[in-house]
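[1] Predicted coordinates and the sequence they were generated for:
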Amino acid sequence: MRLAYAPYILKFKSPAGTSRGILYEKPTFFIKIFDENDPSKFGIGECSVFPGLSPEADGNYGYKLVELLANIALGKETELTGYSSIIFGLEQALRDYAGGCRHVYYPSEFTQGQESIEINGLVWMGDFDQMIERIDEKVAQGFGCIKLKIGAIDWKKEVEMIEYMRKKYSESKLQIRVDANGGFSMDNALPRLKRLADLGVHSIEQPIPAGMPELMAFLCEVSPLKIALDESLIGVYGKDKKSKLLDEVRPAYIILKPSLCGGFSGAEEWIRMAEERGIGWWVTSALESNVGLNALAQWTATLHTSIPQGLGTGALFTNNFECPLRLESDRLRYDPSMRIDNDIYKSLDWRY
């Protein structure tokens, strides 16, 4: 068994506004698992690293991929604790290879085209008029749940935007989720949470920055709005630390991004522990290419969720890859008739 990896830069079609600034491109790495006696057949995965968010996104990342490459050639294990994105990509590549190199990572009724996944419509940060336009477009497309990235424009403008949504769309017509990405402070968090609750917002992700569990626990206890942990899960490894976080903070929900919380196996552990405590959850993508998004959607379908998931649609990038995922209204579907030709990966800068 051998492994190779290739760096790749994803280019955004339009600048993507986040609480960490405006993104024009995003790095990622592809890995492939193959038998050196027949390198034409390989399982592929994506190590979707996120600079500024992934703890492993540092100068040692490339060295860890080289170490993994060498150890697989030697039949040795590699310590990957703390390298969620590499675990994410490796799990994909291994499952793809074991399944016949057909990019079917998690066979199910979803990959047979018989089931679909309800997703939320994500509205990126922008100016007021841009966001209003995007909201109306999403509702017109059929989305019953909209997620807003907030924190980039004036708070009063953001409230005005949600007021507009509620005047036009009732709670029974449209569920509103917001993601503050840690943009609130303890000085303003409670009045803002109350205002959002009064406007019929469903929940808020990460109102204050990660790394303050006691303050987050206080907010979760007194907030009139349900709070979901997102960035707070990043960098938390092992059952003891996960248990401690969930027991101390007691959030209403946790948000699972396998490329940031220990791969699929790490995310499944979070799910088991959350359900034991009556904590809800949903899955969110994290700017993966269609390679990672395809595997992520297939995995999510096996979880048999009943609420909208935060999966992307692969439409953000100009240089994405072929993918069998299709969006119909607010449902993500898989086209089993599509066959991905591995030749599309030949031009990548593979390192062996």
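    Received, thanks. Residues are numbered from 1 along each chain as shown.

[2] Name the nearest residue to residue 261, sequence neighbours excluded.
    Counting by C-beta to C-beta, 6 or more residues apart in numbering, residue 261 lies nearest to residue 233, which is 4.9 Å off, once chain neighbours are set aside. From N, CA and C alone the C-beta is placed, and that goes for glycine too.

[3] residues touching the most centrally placed residue in the chain, list them.
    Residue closest to the average C-alpha location in the chain (C-alpha atoms, centre = their mean): residue 285, at 2.0 Å. Under the criterion of C-beta atoms under 8 Å, 6 or more residues apart in numbering, the contact list for residue 285 reads 257, 292, 293, 296, 310, 311, 312.

[4] what do you get if the cut-off is 6 Å, keeping everything else the same?
    By C-beta atoms under 6 Å, 6 or more residues apart in numbering, the contact set of residue 285 is 293, 296, 311, 312.

[5] Between all of the residues you listed, which two are at the greatest distance?
    Of all pairs drawn from these, the greatest distance, 8.6 Å, lies between 296 and 312 (C-beta to C-beta).

[6] Just want to know which of the two has more residues nearby.
    Set side by side, residue 296 and residue 312 show more neighbours around residue 296, with 31 against 23, by other C-beta atoms under 10 Å.

[7] and the more buried one, what does it touch?
    Applying C-beta under 6 Å, 6+ apart, one finds that residue 296 lies in contact with residue 285.

[8] Quick check: which element contains it?
    helix 290-301 (DSSP states H and E).

[9] How far off centre is the helix or strand just after that helix?
    Sequence order places strand 325-328 as the next helix or strand after helix 290-301, per DSSP H and E. The chain centroid and the centroid of strand 325-328 are separated by 17 Å, computed with C-alpha atoms, centre = their mean, to the nearest Å.

[10] tell me the average confidence for strand 325-328?
    Average pLDDT, strand 325-328: 96.

[11] again with stretch 31-44
    Taken as a whole, stretch 31-44 has an average pLDDT of 95.

[12] Likewise for stretch 109-122?
    Over the span of stretch 109-122, the pLDDT mean works out to 97.

[13] what's next to it, contact-wise?
    Residues outside stretch 109-122 that contact it (C-beta under 6 Å, 6+ apart): 104, 138, 143, 145-147, 298, 300-301, 308-311, 330-334, 336.

[14] Just the buried subset of those, written out for PyMOL, thanks.
    Only the buried entries of those go into this PyMOL selection, using 16 or more other C-beta atoms under 10 Å:
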select buried, resi 104+138+143+145+146+147+298+300+301+308+309+310+311+330+332+333+334
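
[15] gap between residue 200 and residue 162?
    Applying C-beta to C-beta, to the nearest Å, the value for residue 200 to residue 162 is 9 Å.

[16] Shouldn't residue 244 be within a helix?
    Yes. The assignment for residue 244, made by DSSP: H, G, I helix; E, B strand; the rest coil, places it in a helix.

[17] what's it in contact with, if anything?
    For residue 244, the contact set (C-beta under 6 Å, 6+ apart) is empty.

[18] And for residue 1?
    Contact analysis of residue 1 by C-beta under 6 Å, 6+ apart lists residue 72.

[19] hmm, 7 Å instead?
    Remark: with contacts taken as C-beta atoms under 7 Å, 6 or more residues apart in numbering, residue 1 is in contact with 33, 35, 72.

[20] Quick check, pLDDT for it.
    Residue 1 is assigned a pLDDT of 92 by the prediction.

[21] Going forward, the N-terminal residue is numbered 611.
    Okay, using 611 as the starting number, the last item reads as residue 611.
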